[in-house]
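**Q** Have a look; sequence and predicted model below, questions after that.
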Amino acid sequence: MRLVAEGLSARRGEDLIFRDVSFDIGVGETLVVKGPNGSGKSTLLRVVAGLLPRESGKIMLAGGEGQGFDTVAGACHYLGHRNAMKRELTVEENLRFWKDFLGDSDGGAGVAIDEAADAVGLGSILHLPFGYLSAGQQRRMAMAKLLVAWRPVWILDEPTAALDAAAEAMFAGLVKGHLSRGGLALAATHQPLGLGAVNELHMKGFAVDSAEAWA
Amino acid sequence: MSEQSLAIRKFSDLANPTRFLALSGAVWPWMAAATALFFAVGLYLCFATVGDYQQGETVRIMYVHVPAAWLSMMCYSVMALSALGTLVWRHPLADVSAKTAAPIGACFTFIALVTGSLWGKPMWGTWWVWDARLTSVFVLFLMYLGLIALNRAVDDPARAAKVGAILILVGFVNIPIIKFSVDWWNTLHQPASVIRLDGPAIDPEFLRPLLVMAIAFTLLFFTLHIVAMRNEILRRRVSTLRRLAARSAGRGTSGPVPAGVGEGHP
Amino acid sequence: MTALLFRDLKLAVRAGGGAMIGVLFFMTVVAVIPFGVGPDLNLLARIGPAILWIGALLAALLGLDRLFQAEREDGSLDLLLMQETPLVLTVLVKCLAHWLATGLPLVLASPLLSLFMNMDAAAIGATMLTLLVGTPAITFIGAAGAAIAVALPRGGLLVSILVLPLAIPVLIFGVSAVYAAVQEPAPFLPPFLFLTALTLVFAVIGPVAAAAALRASTD
């Protein structure tokens, strides 16, 4: 299957954030979105995840299993700036909730909770409340969340922001594993992800022409 | 056992809780035994004495009600003292004491309220009267519940201790004001139509079981309080250990803590 | 979906959860009333059902603002929005969990508070029954308000302002059903059935509106 975007553009408030963005990601491929602050990387990812409306263009899943999804968002994992975990619950309760709530979509299966925690190197602290963890550990547990339920598309917004070098390498391993199981990934980042050769999409700081209409 | 050695080292700079645990561990079984003894004697006396000619058998409720009501106030005083200890002397055990006394105090207040209304139903024909004294106890009960809710709402014990102590002291200063205003409010609306609990002087026949029960309840309070404090200290140690475990996890073998843990396994 | 129900219940019961606060607020509000109107037991018995209903209404609104705000703050809301399960269903389950954690304790506490109000057995039973049927309506319609205010700072007060007028019908039929049960000529069933109907209608309107508002609130 492929994740295809054609001629996307999006607004925030009055401002056009980006215009005419197209890409095509196939199985086993990663598209890394690059660009300066404010160039619309996060907005693009949220538009693809269906969390923001798009001004024009279309996003679709093409080929093979891609037909099985009602919405593009249903095929996606979204790892945003916030971890989507509850401080009051233990790590295991958090992961179990997301495993049960998200469920597996077609074409794959999520791993068990302790396996997922082992994969991010934190198998020994499943029983602790999430709030006890440090920022980096919390981020790693949020990544374990991607593993417990299967989604073919990973949308990653600055995934390695709070991580040290070792954890970055660990995360690159997770993404590679995902790609090899028939997944694909769309990531916005400043740092190199350590994935080897990847496709890159450069977002330019957009020269606002909607502003001219008001000038 | 390896975890224990870690805990003791971690807390060695807070010698007080450790010494408290050792001391209270030796004392509390004796206090529990004394409590049981006094309760046995007290309950026997409660049922051995004759009933009041006016109130009949219901007078026996008083033997539970009066000590409970008394303790509901004493417990708040203990909490106020502990709050002072937290704010003024920063004693590490003071906030443990204040925190654990609140649920016990709430229980005694609840017992006082329930037994009071059980007594009131046959005596006054209604479960509840907005009598000045009852109302004050009810307000006290609400204050206890508020304190418990506050302790639960703040997850960092040190922070919860300070704000809790401030609230306890504000409440303590307020209690006479509340009592006075409730008296005022009550006489304003209800000129002495309610039968008061404090009738004529109490007959020694009733006084003896009452005293024994009061001692038994007081002992019960202190036993429960000590055991609750022990639990709270242990709970905080567990939480410290869990935080340590979280900090050391996923660092590989080079972290500083695994060395300490390894001591138990030579 | 049961996973969501159990998670929300756990969160409500854990430290800092709202389950106990609501009941405590209810008790305090009801306990304060006699200081205003005086300790006349006959008067209290007469106004008791109304006081309990107003107290329950305010207490039910108390924790509502956190219903979606907490999810939004930690990013869970994004994930809830992305799923293929209908968002309306997700909202409905969250409402149910919220009612179980905060509404049901109010219903259970009401007989105890009725004693303070010197109400008789029939009035206590009727109050409990109407609260049982009526408080879900407050939660459902409140969810819509909570979703609308989700992105606003200090949304808490706003939720109360938005929802209280919408909850007036619930209050009217709840209280009139209780009075119908204790005062002879008026029949109990018509207002009670109106109350039930309101709850069912709000069970549809509330989640649908809340889902729409949540979709619109993302940024």
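**A** That came in fine, so what should we check first? Numbers count the residues shown, from 1 in each chain, chains lettered A, B, ... in the order given.
**Q** you'd agree C:Lys10 is up against A:Arg96?
**A** No. With contact defined as CB atoms under 8 Å, C:Lys10 does not reach A:Arg96; the gap is 10.9 Å. (Each C-beta comes from the backbone N, C-alpha and C, glycine too.)
**Q** OK, contacts around the closest residue to chain C within the stretch 1-150 of chain B?
**A** Nearest residue of the stretch 1-150 of chain B to chain C: B:Trp130, at 3.2 Å (CB to the nearest CB). Shown in contact with B:Trp130 (CB atoms under 8 Å, 6 or more residues apart in numbering or on different chains): B:186, B:190, C:34, C:39, C:41, C:44.
**Q** what's around the residue of chain C found nearest chain A, how many residues?
**A** Using CB to the nearest CB, the single residue of chain C nearest to chain A is C:Gly75, 3.0 Å away. C:Gly75 has 17 neighbours, counted by other CB atoms under 10 Å in any protein chain shown.
**Q** Read off the pLDDT value for it.
**A** Looking at C:Gly75, its pLDDT is 89.
**Q** Show the contacting residues for it.
**A** By CB under 8 Å, 6+ apart, the contact list for C:Gly75 reads A:80-84.
**Q** again, only using 10 Å
**A** Taking CB atoms under 10 Å, 6 or more residues apart in numbering or on different chains, we find C:Gly75 in contact with A:78-85, A:142.
**Q** And A:Val48, by the same measure?
**A** The contact partners of A:Val48, by CB under 10 Å, 6+ apart, come to A:3, A:5, A:8, A:10, A:21, A:23, A:33, A:54, A:59, A:72-73, A:76, A:78, A:153, A:155, A:186.
**Q** Can you report phi and psi for the spatially closest residue to C:Ala151 that is not a sequence neighbour?
**A** Residue nearest to C:Ala151 in three dimensions, not counting chain neighbours: C:Ser217, with 4.8 Å by CB to CB, 6 or more residues apart in numbering or on different chains. Note on C:Ser217: its backbone torsions stand at phi -90, psi -10 [degrees, to the nearest 10].
**Q** coming back round to it: checking the residue of the stretch 1-150 of chain B closest to chain C next. Helix, strand or coil?
**A** coil (DSSP: H, G, I helix; E, B strand; the rest coil).
**Q** so where's chain A shaky on pLDDT?
**A** In the predicted model, chain A carries pLDDT under 70 at residues A:65-66, A:205-215.
**Q** Which positions in it make contact with chain B?
**A** Applying CB under 10 Å from any CB of the partner chain, we find that chain A lies next to chain B at A:87-88, A:90-91, A:117, A:120-134, A:136-138, A:140-141, A:164, A:166-167, A:170.
**Q** can you rerun that using 7 Å?
**A** Within chain A, the positions near chain B by CB under 7 Å from any CB of the partner chain are A:121-122, A:124-125, A:128, A:132-134, A:137.
**Q** again with chain C
**A** C:15-16, C:20-21, C:24, C:27-28, C:31, C:34-35, C:38-41, C:115-116, C:118.
**Q** Tell me, how many residues neighbour B:Phe47?
**A** Residues lying near B:Phe47 (other CB under 10 Å) number 10.
**Q** Return the residues in contact with it.
**A** Residues near B:Phe47 by CB atoms under 7 Å, 6 or more residues apart in numbering or on different chains: B:Arg60.
**Q** now for the biggest helix by length in chain A, which elements pack on it?
**A** Counting by DSSP state H, the longest helix found in chain A is helix A:165-180. If you count contacts as 3 or more CB pairs under 7 Å, 6 or more residues apart in numbering or on different chains; DSSP states H and E, helix A:165-180 packs onto helix A:135-148, strand A:184-188.
**Q** Show me what counts as buried in it.
**A** For helix A:165-180, the neighbour count (16 or more other CB atoms under 10 Å in any protein chain shown) marks A:167-168, A:170-172, A:174-176, A:178-179 as buried.
**Q** quick check: angle from that helix to helix A:135-148?
**A** Here helix A:165-180 runs at an angle of 10 degrees relative to helix A:135-148 (axes from the mean of the first three to the mean of the last three CA atoms, to 10 degrees).
**Q** And the contacts of helix A:165-180?
**A** Outside helix A:165-180, the residues that touch it by CB under 7 Å, 6+ apart are A:28, A:30, A:119-121, A:136, A:140, A:143, A:154, A:159-160, A:163, A:185, A:193-195.
**Q** neighbours around C:Pro111, how many?
**A** 15.
**Q** Spatially nearest residue to it, not counting backbone neighbours?
**A** C:Ile124 (5.2 Å).
**Q** try B:Tyr144
**A** B:Ala106 (3.8 Å).
**Q** Could I get the contacting residues of that neighbour?
**A** Applying CB under 7 Å, 6+ apart to B:Ala106 gives the contacts B:141, B:144-145, B:148.
**Q** Find the helix or strand that A:Ser105 is a member of.
**A** Per DSSP states H and E: A:Ser105 is located in neither a helix nor a strand.
**Q** what about it, distance to A:Arg151?
**A** For A:Ser105, the distance to A:Arg151 equals 6 Å [CB to CB, to the nearest Å].
**Q** Now list whatever residues contact both of those two.
**A** Counting by CB under 7 Å, 6+ apart, the shared contacts of A:Ser105 and A:Arg151 are A:Ala75.
**Q** The helix or strand containing A:Asp20 pairs with which strands?
**A** If you go by DSSP H and E, A:Asp20 is part of strand A:15-26. Neighbouring strands of strand A:15-26 in its sheet, by DSSP bridges, are strand A:2-12 (antiparallel).
**Q** Mind listing residues that contact the strand it pairs with?
**A** Contacts of strand A:2-12 (CB under 7 Å, 6+ apart): A:16-26, A:43, A:47-48, A:52, A:54-63, A:66, A:153, A:184.
**Q** Give the buried subset of those as a ChimeraX selection command.
**A** Entered in ChimeraX, the line below selects the buried ones among those, by 16+ other CB under 10 Å:
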select /A:16,17,18,19,21,23,25,43,47,48,52,54,57,59,61,66,153,184
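**Q** ok, the residue nearest to C:Arg72 when sequence neighbours are not counted - how many residues close by?
**A** Leaving aside its sequence neighbours, C:Arg72 sits nearest to C:Val150 (CB to CB, 6+ apart; 5.6 Å). A count of neighbours around C:Val150, defined by other CB under 10 Å, yields 24.
**Q** Am I right that C:Val150 is in contact with C:Glu71?
**A** No. Counting by CB atoms under 7 Å, C:Val150 does not reach C:Glu71; the two are 8.4 Å apart.
**Q** What strand or helix carries the residue of chain C positioned farthest from its centre?
**A** Ranking residues of chain C by C-alpha distance from their mean position (CA atoms, centre = their mean) puts C:Pro185 at the top, at 29.6 Å. For C:Pro185, there is no helix or strand it lies in under DSSP H and E.
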